[in-house]
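# could you look at this predicted model? Sequence included:
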Amino acid sequence: MLEKALKGGPRYWVWVIFLLSVISVGFLAYLNQFKVGLGITGMSRDVSWGLYIGQFTFLVGVAASGVMVVLPYYLHHYKKFGRITVLGEFLAIAAVIMCMLFIFVDMGQPLRVLNVILHPTPNSVMFYDMLVLSVYLMLNLLVGWTVLGAERKDVPPPKWVKPLIYLSIAWAPSIHTVTAFLYAGLPGKHFWLSAIMAARFLASAFSGGPALLIILALIVRRYTKFDPGKEAIQALGKIVTYCMIINVFFLGLEFFTAFYSNIPGHMHPFEYLYAGIEGHGQLVPVMWLSSILAVIALILLIFPQIRKKESLLAIACIATFLSLWIDKGFGLIVGGFVPNSFEKITEYWPTLPETLITLAVWAIGFLVLTILYKIAVTVKEDAVFDKYGEKQIQTE
Amino acid sequence: MSINRRDFLKVAGISTILGFGGISAADAVRKNLVEASQVMPNPKALVGERWALVIDLSKFKTEADYRRVIDACHNTHNVPDIDNPKQEIKWIWKETFEHVFPEQEDEYLAEEIKHLPVLTLCNHCDHPPCVRVCPTKATFKREDGIVMMDMHRCIGCRFCMAACPYGARSFNYRDPRQFINKEKENPEFPTRMKGVVEKCTLCYERLAKGLKPACAEASNGGIIFGDLEDPDSEVRKILSTNYSIRRKPELGTSPSVYYVLRRG
């Protein structure tokens, strides 16, 4: 089916070339990082993880969120998701690939990456993270590719794929739970040492991921003949709404515990992120932007009349995605390190090369996504009717 | 019997997967079985069950008292001297009392104690979180209690730095060799490369030769080295007759570095 990605109009190729050029610039920046070391980033002795690990954490959530279309379709036989399950699965593939790349570019000695397999260490959460992410990638590749291949040939998917689908449904929450455990089990990092961390991760994942999927579905509908379906998009909108409410609720719980208990170690990271401490407040505007976006998103999402208008739903989804991207892809990681073990403050801000490398990894992810979506959409355009006999391409 | 290409590839693929899986599983089962045996141990080597340090704060009066200890350690171990405090490397250094012991917060604490510089280093915890999180066993606890680093195995993921509640670990953000004064370089201790984490290793290389850690030796009695499991050791005697504190013991890490304000 890969050959379908080789045929496309000028718009397709301009987009691919654009992504390739972003990748090339970032690759050059990476070569420099490879030579000089992680010293070219803004990370420090005190804030030893930054943008890379933040993006990794955020994208594990996007990957896990694929289950939000797979589960209703396969477990509850929600037919309307029949057309977009493959979009969810392919998004998960692109997200997991980005996750792996972000871990790779964050390593001080990337050529030793296989040490994780050569010296397996079951007491390290990172060992399990590697395991669950690799398996999740395999599951989505197998399931997505096979089911789409069957649709192309107009035959039902082979029987062996069913158990893999059920496994992938159970597997999705595991990848994000394990990722939360990377943080939630560290003594002395009060900001992360929270029992609700994994639950919060899942809530933010299941709102941010489907929000991105809605935006992608709207783009697909606009630029191709394939129609992911109005009702499917609205159903996803409901998922985004509920999960975003739960996510903000969980964040509120963190605030309550920190400030009602009045324990300084628990309050400090929140004070640093939202108000600044002793004149150090580089992250304050960003965190407030995230909060404002969250409020805007919630207002647009909660009222069904607003949510039902697709243009407003799109704005709500963009706001949700950006809000969560700041909160989880940046604030959550940096906040854990500030103040440091000596209750001193070292601030972090990514450098230009670090940003270019980050953009390049995103561009690789979008390139993979573009290719996979191109294949999926081409197959779907050829199969005029979905498997329930409803027309899945737009008439004009 | 003939075998077609498809079948061959199937069998080959499955055997490869089983092979890799088998190696990993066997490794996991045999864990801690053998570490490659070195040469015959030096008969003079110091042997203990849980090495510890007691730092007597009253013995550090002038800047030179601290400097001597820090230089002894950093020169012995070729610790690079990096200007940028954000990405510097340090094995033992000083912070003020209120920052080393933030949980002792007390606004009426005597100013001289609050601002007293205190030496701080890896605590060689009995339950080290850094060892728990390391995905490659590049940091591990030895049988004598030393929390060791294998800088050749470290992949530079910095999980240990996030896990250490004492800020004891440094990462080589750049090639450290360019920051080592060639005249002071100690040829008997390896230098490191970029991209790996390092920290105090309690002078394992000196213990193996029967020498005390460099900091203890240079401290004029300000740092006392000994075995916590030996009831007759000097450290145990000090701890049983003096009030001592440790950094963040409430985290359950059980640090092996003790501090006494003054010895009676």
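Sure, I can see it. From a predicted model like this one, the values you see are computed outputs, not experimental measurements. Numbers count the residues shown, from 1 in each chain, chains lettered A, B, ... in the order given.

# and the residue in the stretch 51-200 of chain B that chain A sits nearest to, which of the three is it?
Of all residues in the stretch 51-200 of chain B, residue B:156 sits closest to chain A, at 1.9 Å by Cβ to the nearest Cβ. Glycine gets a C-beta too; all of them are placed from N, C-alpha and C. Residue B:156 falls in the coil class when you classify it by DSSP: H, G, I helix; E, B strand; the rest coil.

# kindly state the pLDDT recorded for the closest residue to it other than its chain neighbours?
Distance criterion Cβ to Cβ, 6 or more residues apart in numbering or on different chains; nearest residue to residue B:156, sequence neighbours excluded, is residue A:108 at 1.9 Å. Per-residue pLDDT puts residue A:108 at 95.

# burial measure for residue A:108, as a count.
Close neighbours of residue A:108, defined as other Cβ atoms under 10 Å in any protein chain shown, add up to 20.

# quick check: it touching residue B:159?
No. Residue A:108 is beyond contact range of residue B:159, at 11.4 Å (criterion: Cβ atoms under 8 Å).

# quick one: low-confidence parts of the stretch 251-396 of chain A?
Within the stretch 251-396 of chain A, the stretches with pLDDT under 70 are A:395-396.

# the closest residue to chain B within it: how many residues sit nearby?
Per Cβ to the nearest Cβ, residue A:341 is where the stretch 251-396 of chain A lies closest to chain B, at 3.6 Å. The tally of other residues near residue A:341 (other Cβ under 10 Å) stands at 21.

# assess the claim that it and residue B:162 are in contact.
No. Using Cβ under 8 Å, residue A:341 is not in contact with residue B:162; the gap is 10.7 Å.

# strands of the chain, start to end?
Unless you meant another one, I'm taking chain A. For chain A, no strands are identified by DSSP state E.

# chain B, not that one
Ranges of strands in chain B, per DSSP E, are B:51-56, B:92-96, B:117-121, B:139-141, B:147-149, B:170-171, B:197-198, B:223-227, B:244-245, B:257-260.

# out of those, deepest packed?
strand B:170-171 (a mean of 26; mean count of other Cβ atoms under 10 Å in any protein chain shown).

# can that one be said to contact chain A?
Yes. Counting by Cβ under 8 Å from any Cβ of the partner chain, chain A has neighbours in strand B:170-171: B:170-171.

# now the strands of chain B as CSV including mean pLDDT?
Output for the strands of chain B, formatted as CSV (pLDDT from 0 to 100):
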stretch, mean pLDDT
strand B:51-56, 97
strand B:92-96, 96
strand B:117-121, 97
strand B:139-141, 96
strand B:147-149, 96
strand B:170-171, 97
strand B:197-198, 97
strand B:223-227, 96
strand B:244-245, 96
strand B:257-260, 97
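
# closest to residue A:292 out of those strands?
Nearest to residue A:292, of all these, is strand B:170-171, at 35.1 Å by Cβ to Cβ.

# let me see the residues that make contact with that closest one.
Contact with strand B:170-171 is made by A:38, A:45, A:48, A:108, B:87-91, B:156, B:158, B:161, B:195-199, as judged by Cβ atoms under 8 Å, 6 or more residues apart in numbering or on different chains.

# ok, 6 Å please
Residues outside strand B:170-171 that contact it (Cβ atoms under 6 Å, 6 or more residues apart in numbering or on different chains) are A:45, B:89-90, B:158, B:197-198.

# which residues touch the closest residue to residue A:327 other than its chain neighbours?
Of all residues not flanking residue A:327 in the chain, residue A:290 sits nearest, at 4.8 Å (Cβ to Cβ, 6+ apart). Taking Cβ under 6 Å, 6+ apart, we find residue A:290 in contact with A:323, A:326-327.

# could you check how far stretch B:61-77 is from the centre of its chain?
With Cα atoms, centre = their mean, to the nearest Å as the basis, stretch B:61-77 stands 17 Å off its chain's centre.

# buried sites along that stretch?
In terms of neighbour count (16 or more other Cβ atoms under 10 Å in any protein chain shown), stretch B:61-77 has its buried residues at B:65-66, B:68-77.

# relative to residue A:168, which of the residues you listed is nearest.
Using Cβ to Cβ, residue B:77 is the member of the buried residues of stretch B:61-77 that lies nearest residue A:168, at 49.1 Å.

# doesn't residue B:189 make contact with that closest one?
Yes. At 5.4 Å, residue B:77 and residue B:189 qualify as touching, with contact defined as Cβ atoms under 6 Å.

# got phi/psi on whichever residue of the stretch 151-300 of chain A sits closest to chain B?
Nearest residue of the stretch 151-300 of chain A to chain B (Cβ to the nearest Cβ) works out as residue A:188 at 2.7 Å. As for residue A:188, its main-chain torsions (degrees, to the nearest 10) stand at phi 90, psi -10.

# mind showing which ranges of the stretch 51-200 of chain B have poor pLDDT?
By pLDDT under 70, the stretch 51-200 of chain B contains no weakly predicted segment.

# contact residues of it facing chain A?
Applying Cβ under 6 Å from any Cβ of the partner chain, we find that the stretch 51-200 of chain B lies next to chain A at B:86-87, B:95, B:99, B:102, B:129, B:132-137, B:153, B:155-159, B:161, B:163, B:165-167, B:170, B:173-174, B:194-196.

# and with 7 Å instead?
Proximity of the stretch 51-200 of chain B to chain A, by Cβ under 7 Å from any Cβ of the partner chain, involves residues B:86-88, B:95, B:99-100, B:102, B:129, B:132-137, B:153-159, B:161-163, B:165-167, B:170-175, B:194-196.

# residue contacts, the residue of the stretch 101-250 of chain A found nearest chain B?
Per Cβ to the nearest Cβ, the residue of the stretch 101-250 of chain A with the smallest distance to chain B is residue A:108, at 1.9 Å. Residue A:108 makes contacts with A:38, B:155-156, B:171-172, B:194-196, as judged by Cβ atoms under 7 Å, 6 or more residues apart in numbering or on different chains.

# can I get the buried part of those as one ChimeraX selection?
Restricted to buried positions by 16+ other Cβ under 10 Å, the ChimeraX selection for the contacts of residue A:108 reads:
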select /A:38 /B:155,156,171,172,194,195,196
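
# closest one of the contacts of residue A:108 to residue B:255?
The nearest member of the contacts of residue A:108 to residue B:255, counting by Cβ to Cβ, is residue B:171 at 21.4 Å.

# so what's the closest one bridging to?
Note on residue B:171: beta-bridge partners by DSSP bridges are residue B:197.

# can you get me a residue count around residue A:349?
15.

# name the nearest residue to it, sequence neighbours excluded.
Leaving out its chain neighbours, the residue that sits closest to residue A:349 by Cβ to Cβ, 6+ apart is residue A:42, at 5.1 Å.

# number of nearby residues for the one you found?
Around residue A:42 there are 20 residues (other Cβ under 10 Å).
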